[in-house]
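Q: Sequence unavailable; structure follows:
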C-alpha cells in the first residue's frame, strides 16, 4: 500500500488509500460509494463505466487507481449541478433516451465529453463519440436525438415539454418516464448497488466442461490458505429441493450441481467470504476431480440413435413437442397452384443486458429477503422457498433496479446461491456475475433448425402452410416448453390460410439452457414464414407487400388455431400505411441500382418487408395480474404495482392508466413497485403482457377506488375529483363536496383509508391435440420495411432505414412505444446480422457482437391504433412485436438487393458472400 | 506485489533490468486480459506503470522524419497535424476501440500487445516504421516487421521498453490509407484490414508502394510482390487491377468466429484493390 491516492472527483478533492492497480471503477463504487458508474464487462467492450478523466471520456474499469493521481474525474453524479438536471440530462428525459438506464451514465459522460469540445456536433460526430458505449434497450436513435437536441437551441413548442397532463389526458401523452431522474443522476440502485457494507461476497466455481461427472475433494487446504474464506457451499448445503425450473412439474436445474454437469458454466460450488478472497481464489485451487464426457452438441447429435440422454426421464432428449393441425393441409397443398419450400437455421443469441446479474440476500429471523435484478418476483419467491425448504410467505423478493432483461432475468440467477448462503450464515451475502459468467451461465434464445412449405392459388390466396422446427433447449428445460407451444400457433404468420400443419420439438443438448428471449421462438419462425411469403410472391409475380395485404388476417377472420379474431387486427392498416414508403424506397433502390450500371457494381440496394403477429400473454394458461390503488389519510394516492419495470416503461405506463381511470393528474400518483411483501402478484414481465394484462388490472383497481370516492360523496360517475392535502374535492356540475380523508379509518396494511383492487386474467381456452382453441385473448400486429445495401464483393450489409408500422391497440405513451420499437429493431438487427453465441468462444462483448450506435439506421415509426376492447383504453402489447419482423425484413431486403436467400443466421459477411458466390457460380479463389 | 510508477526513464530501465515486471501503460489491454471466465484473481504480478514517463509522450518531427512516443494515445494521433502520409494511421486510430480506448490506449501498447488484429500495426508497417527499444545502458532500433513475431509475440526482451516509433520522411509526395472490414460499425475486431502508402514520383508514377494486411496471419504482413508490381506504374484508376491473388501468398488466414479463411483471403484482395484505387484517385 502506498501513499493515499488524491484526485478531484466531481469538483471536490478526495483522498483514499487503495492498492495502486485497483480499477478506478472499484475505487469509485466500493471505496467512495459512488455507484452511478456501472460495471458491464471490465474489458472496455461496453462503456458502461465511462467517466471523464481530465475532460476526456475513459473506461474507468481500465484505469489503474495510481493513474488517477492528480487528475480531475467527473462521474454521472457530477452532472446535475445543485440537484438541477443539466440540459443534456433533460434532453435524455424528454426523448426517452434512457430505458433501463444502466448504460445511461456512460452515454451521458460520453456525450458530455463531445459537447464540451464540440458544442454543435453533427449526427455523425455524435455517433463517433457514443460508439464506445453499448445500449441494449433503446436502439440508440433517441439517444442521438437527445444529444443533438441538447446541443441545439430547441425550437419552441417541442411536444416533449408537456410535464404533467391534466386529469383524463394521461393516456396517449408523451410524458417523460416517471422513474427517469434516478437513471439520469446515477442514483438508481441496480443489482450490484444495493448490498449493505457488511455483506459477504459470493462467487460460483463453474464447470469449464459441457458434460462431466465430478467430485469435490477435501476443502480444508483451501480454507487454510485463505483465511478470508468463510464457507464453501456445495449441493449438500441446499436445504430444500436442489432443483428449480419455470414449470411446476419440471424442477430439473440444480441450484448447485451435485455430481454431474450438463453445460459449461454450471455452478459446482460457491465460495463465500470477503471480496478479495473469493474473487482471488483461482478455480484450480478448488479440489475438483473431473471425469470429462463427450458433450452432445446440436439437435442433430441429440436426436441421433444412441445419443446419451441428458436426463434419465427423457431417453430421447425430447423435452416437449408442439403440434397444430388446421383443415386438411395435405389435400390443400396438393390442390395449390404454387408451392415453395425452404430451410433456415438460427444460433444461440445472448440477451446481453448491460447489467450483469447481481444482488444480495439476507436472513431476517425465519425469513429470507432477496434484493436482486429480476423480471419475475413472485416466481422467484416460490422457487427460492422450495430451494430453501420453507414456505413462500417466508421469502420476500424486493427487486433492485433492473438493467435490462429481455427474458433473461425471468429465470433464477444469483438468487439460489445467495439465498442458501445467507440462510446458513445469517449474514447478508452479495454476488455479481462477471460478463463471461453472465454469458456462459444464463439462458439463451433457442437455436432453431426449421423447414417450411407454403402454397397458394394462382389468384394469390394462401392455401396450405407447413412448418417443422427443432429448437435446441440446451441442458435444462427453462422455458423450452413455452417455445415449443408458442411456435406452432404463430408458424403460419399473420395470414389467413386454408390449412396448416406445424410441428415443433424442444430438444436437450449439453449447451446453455435456452429460455425466454423476446419472442419465445416466434422471431425464428417468422424468418421462415416471411421468407416463404417472399418466395410465393415472386413465384406468383406479385408485389411482396400487396401479396401480404391480400392474405393479412383481419377482424372476423379465423386463425390456424380456429380462433375467430373479433377485434383489433390491424395488419391491413399497417401495410396500407407502409405502401407509400414501400413504393418510394423501392424506386430509390431501383434508381441506385440502375445508375450504378454494369452489373459488376459492387454495392446494390434492396428493400425488404417483414410482417408478424404475436399473442399477448401466456399461451392458453392462466395469466392473471392483480393491482391495488389506495388513498391515504394525507391524500397521497399510491399504486401498489407488482409489475417490475425492466426498462420498457411499465411503471410509467401503469401510472398513466391509473391516472385516467381514477381521474387525477398523473403526477398525483406515487408507487410501490414489485415488492412481494407489499404488492400483489402481477405476474412476470414477459410475453408483452404488462400493458395489456397489468394495465387492465390497474384500470379496474383505479376505477374501483374512484367508485368508492364517488360513493363517499354521493356524486355521479362523471364528477371531477381533486385532492388538496387531506381533503378530497368532488365536483359535479354545481355540486361541490369535500371529504376529510384524515377523518376516515385506516384500511389494510399500508395506512390507506380507501383502496381499490383490480384483477385481470385474459380470456383464453386450452388448445386441443390439434392445437385448436383460443391461445391468446389478443394479438399485436406489425409490418416493417428495411432499406439496405449489400456490398456484393465483401458480403457486408449496410442498413439505410427502417419504416415500422405497429398496431398497438392504443399507444399509452407514444414515446415509450417508439422506444420499444427502436430497441426491438436493434435486437432484430443483431439476430439477423451479427449475433451468434458459441459456448466457450464468444463469452464476452468483443467476440459476441451486439449492434452499436453506428449499426442502427434511422427508424420511422407509424403507430396504428386498432383498439382492443379487452385492453386498458384499448391498449395491447409491444415488447416482443417490436423485434419479430425485423430479421425477416432484413433478409427480404438482402434477397432483393443481392438475389440470394440467407439460410443460416446471422448473415455474417462471409455467409452472405458465400451465398453470392454460389449464386454467381464464381470459381473458388477468384474475387468477383 | 509491487507497483512501480517511475517518472524517470533510467529508473524505469534499471527496475526492468533487476527483475521481470509487467509493463502497464494505458491499461486497455492489461485489464481486459485479467477478467477470468468467472473469477478475477488479482494476478500475483509485479507491475511497472510507465504512464508517468513524459519523454515517451507525443509526436515530434525530426531531421529524418517523425518520432511517435510510445505513450502517444490514439486520440493524440488523430488530433496531430501530420501530412497525408499519415492518413492511414489516423483512420486506423479511429478504429481502435471506442473513443474511451482511443483516449487511453497507446501506440506502443498496441505494438507490444501484438494482437493479430491490432489496428495500429498494418498502417505502421506501411509507414516502414522502426521501433526504438531501450534497456539500461543500451538502445536499439528494429524494423516493425521484425519486431512483431507472431500472435502476441514480439522481439522485446524482458528488460527492454518500447520507447518510440520512428518513421522516415519519404522521398516523394506520399499518401496513406486504411480500410477495415468488420461485422459492425464501432468497437469491432477486424475480419481483415489493409493499410497502404503510395509515394508519387515526379513522373506521376508509383515511386514506391507499401501495402500491409492485418488479421490474415499471426502477424500483419507486408506484400512485397504486390509492392514490386505497383512500383513504376502510372497512378491512375486502373492501378488497382495490378493486384493479383498471387501477391497475397504471404497471408495465412484462419477460420474463426468472425469469418473463414477462404473469405478472408478473398476479402483481402478485394479490400487491397479498393485501397489502391482510393490511393490512386
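A: In hand now; what should we look at? Predicted, not measured: the structure shown is a model, and the values here were computed from it.
Q: Show me the helices in the stretch 1-150 of chain B, by range?
A: Applying DSSP state H, counting those that start in this stretch to the stretch 1-150 of chain B gives helices spanning B:9-18, B:74-79, B:87-93, B:99-104, B:107-113, B:121-126, B:144-147.
Q: where in the stretch 1-150 of chain A is pLDDT low?
A: Across the stretch 1-150 of chain A, the ranges flagged by pLDDT under 70 are A:1-2.
Q: from it, which residue is nearest to chain B?
A: Nearest to chain B in the stretch 1-150 of chain A, going by Cβ to the nearest Cβ, is residue A:132, at a distance of 1.7 Å. The C-beta positions use only the backbone N, C-alpha and C, and glycine is treated the same way.
Q: so is the nearest residue to residue A:875 once chain neighbours are set aside in a helix, a strand, or just coil?
A: In this structure, residue A:875 finds its nearest non-sequential neighbour in residue A:810, 4.3 Å apart by Cβ to Cβ, 6 or more residues apart in numbering or on different chains. Following DSSP: H, G, I helix; E, B strand; the rest coil, we place residue A:810 in the coil state.
Q: check contacts around residue A:810.
A: A:171, A:172, A:865, A:867, A:868, A:871, A:873, A:874, A:875, A:876 (Cβ atoms under 8 Å, 6 or more residues apart in numbering or on different chains).
Q: and the gap between it and chain B?
A: In this view, residue A:810 and chain B are 36 Å apart by Cβ to the nearest Cβ, to the nearest Å.
Q: which phi and psi does that residue have?
A: The phi/psi pair for residue A:810 (degrees, to the nearest 10) reads phi -150, psi 130.
Q: Any chance of JSON lines for the contacts of residue A:810, columns neighbour count and pLDDT?
A: Formatted as JSON lines, the contacts of residue A:810 follow (neighbours: other Cβ atoms under 10 Å in any protein chain shown; pLDDT from 0 to 100):
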{"residue": "A:171", "neighbour count": "23", "pLDDT": "97"}
{"residue": "A:172", "neighbour count": "17", "pLDDT": "97"}
{"residue": "A:865", "neighbour count": "20", "pLDDT": "98"}
{"residue": "A:867", "neighbour count": "17", "pLDDT": "98"}
{"residue": "A:868", "neighbour count": "28", "pLDDT": "98"}
{"residue": "A:871", "neighbour count": "28", "pLDDT": "98"}
{"residue": "A:873", "neighbour count": "22", "pLDDT": "98"}
{"residue": "A:874", "neighbour count": "19", "pLDDT": "98"}
{"residue": "A:875", "neighbour count": "30", "pLDDT": "98"}
{"residue": "A:876", "neighbour count": "32", "pLDDT": "97"}
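Q: Could you name the helices and strands sitting against the longest helix along chain B?
A: Determined from DSSP state H, the single longest helix within chain B is helix B:261-280. Secondary-structure packing of helix B:261-280 (3 or more Cβ pairs under 8 Å, 6 or more residues apart in numbering or on different chains; DSSP states H and E): helix A:909-920, strand B:173-181, strand B:192-200, strand B:206-214.
Q: next helix or strand past the last one?
A: When you say that, I think you mean strand B:206-214. strand B:221-222 (DSSP states H and E).
Q: Now do the contacts for residue A:406.
A: Under the criterion of Cβ under 8 Å, 6+ apart, the contact list for residue A:406 reads A:136, A:351, A:353, A:517, A:518, A:646, A:827.
Q: So what are the structural domains in the chain, by residue number?
A: Let's take chain A. A:1-157, A:200-294+A:353-441, A:445-618+A:769-920, A:625-760 (automatic domain parsing).
Q: nope, chain B
A: Split by automatic domain parsing, chain B gives B:3-168, B:173-280.
Q: possible to save the ones you listed as JSON lines with mean neighbour count and mean pLDDT?
A: As requested, the domains of chain B are exported to JSON lines (neighbours: other Cβ under 10 Å; pLDDT from 0 to 100):
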{"stretch": "domain B:3-168", "mean neighbour count": "20", "mean pLDDT": "96"}
{"stretch": "domain B:173-280", "mean neighbour count": "21", "mean pLDDT": "97"}
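Q: Need those in a markdown table (columns: distance to residue A:486).
A: Formatted as a markdown table, the domains of chain B follow (distance: least, Cβ to Cβ, whole Å):
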| stretch | distance to residue A:486 |
| --- | --- |
| domain B:3-168 | 32 |
| domain B:173-280 | 30 |
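Q: All the helices of the stretch 201-350 of chain A, residue numbers only.
A: Counting by DSSP H, counting those that start in this stretch, one finds helices in the stretch 201-350 of chain A at the ranges A:220-225, A:275-280, A:299-303, A:329-335.
Q: before we move on, the earlier item: counting neighbours, which of the contacts of residue A:406 comes out on top?
A: residue A:646 (30 neighbours; other Cβ atoms under 10 Å in any protein chain shown).
Q: Helix or strand for that residue, just tell me which one.
A: Residue A:646 belongs to no helix or strand, assigned by DSSP H and E.
Q: measure it to residue A:566 for me?
A: 31 Å (Cβ to Cβ, to the nearest Å).
Q: Apart from its chain neighbours, what residue comes closest to the residue in the stretch 51-200 of chain B positioned nearest to chain A?
A: Closest residue of the stretch 51-200 of chain B to chain A, Cβ to the nearest Cβ: residue B:98 (1.7 Å). Once flanking residues are discounted, residue B:98 sits nearest to residue A:132: 1.7 Å by Cβ to Cβ, 6+ apart.
Q: count of neighbours near that neighbour?
A: Residue A:132 has 27 nearby residues by other Cβ under 10 Å.
Q: and the stretch 151-281 of chain B, which of its residues are near chain A?
A: B:181, B:183-189, B:191, B:245, B:257-260, B:262-267, B:269-271, B:273 (Cβ under 8 Å from any Cβ of the partner chain).
Q: show me what contacts residue A:573?
A: By Cβ under 8 Å, 6+ apart, residue A:573 lies in contact with A:805, A:807, A:864, A:866.
Q: Looking at these, which is nearest residue B:118?
A: Proximity of the contacts of residue A:573 to residue B:118 was ranked by Cβ to Cβ; the top entry is residue A:805 with 44.9 Å.
Q: check contacts around the closest one.
A: Residues counted as contacts of residue A:805 (Cβ under 8 Å, 6+ apart) are A:573, A:574, A:575, A:577, A:578, A:782, A:783, A:784, A:861, A:862, A:863, A:864.
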